[in-house]
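> below are the sequence and a predicted model for it; my questions follow.
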Amino acid sequence: MPLPWRASTASSPIRPLWNHEQPRRLPGSFGDPAFLQMPKSNLHAHLEGSIRPATWWELAQAQGLDLGIAPEAAEAAITVDGRERGLADYLARMSRTYPVLRTGEALQRRASEAEEDTALDGII
């Protein structure tokens, strides 16, 4: 697959083909309706990194864990949104989910929901 760079000319330096501030939809990109209809596979996922915020909150409450946040802040607390400055920030956010996944019951629920979420996303 060729790199997405335009050739350099005397009047134009090498620059990317896309504008990150105004992304365009390319054929086969995630927002393309044809892409959304295609079967997909998940090559790598972590149970703790894809837990539903409501599940995270409910498991913590059921186990008597104080998350130190309000229920409506759960999603922002565990969702990676691209503002992380590096691996340490990313891992800090993901590590918030570990304490609630320490029981067999919690892991079983999380695994069942992961399977359900995968099916709903069209992943085979």
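Ah, there it is. On a predicted model such as this, the values are computed, not experimentally measured, just so you know. Numbers count the residues shown, from 1 in each chain.

> okay, now the unreliable bits of the protein?
1-30 (pLDDT under 70).

> ok, longest helix in it?
For the chain, the helix with the greatest residue count under DSSP state H is helix 104-120.

> what's that helix in contact with?
Here helix 104-120 makes contact (Cβ atoms under 8 Å, 6 or more residues apart in numbering) with 42, 45, 47, 48, 50, 51, 52, 55, 59, 63, 100, 101. To be clear about C-beta, it is placed using only N, CA and C from the backbone, and glycine gets the same treatment.

> ChimeraX command to pick out the buried ones of the residues you listed?
Selecting the buried subset of the contacts of helix 104-120 in ChimeraX, with 16 or more other Cβ atoms under 10 Å as the burial test, is done by:
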select :48,50,51,52,55,59,100,101
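
> what's the offset of the longest helix of the chain from the middle of its chain?
Helix 104-120 sits 16 Å away from the centroid of its parent chain (Cα atoms, centre = their mean, to the nearest Å).

> coming back round to it: tell me which two in the contacts of helix 104-120 are the farthest apart.
42 and 63 (27.5 Å; Cβ to Cβ).

> gap between the strand or helix carrying residue 77 and the chain center?
Following DSSP states H and E, one finds residue 77 within helix 74-78. Offset of helix 74-78 from its chain centre (Cα atoms, centre = their mean): 12 Å.
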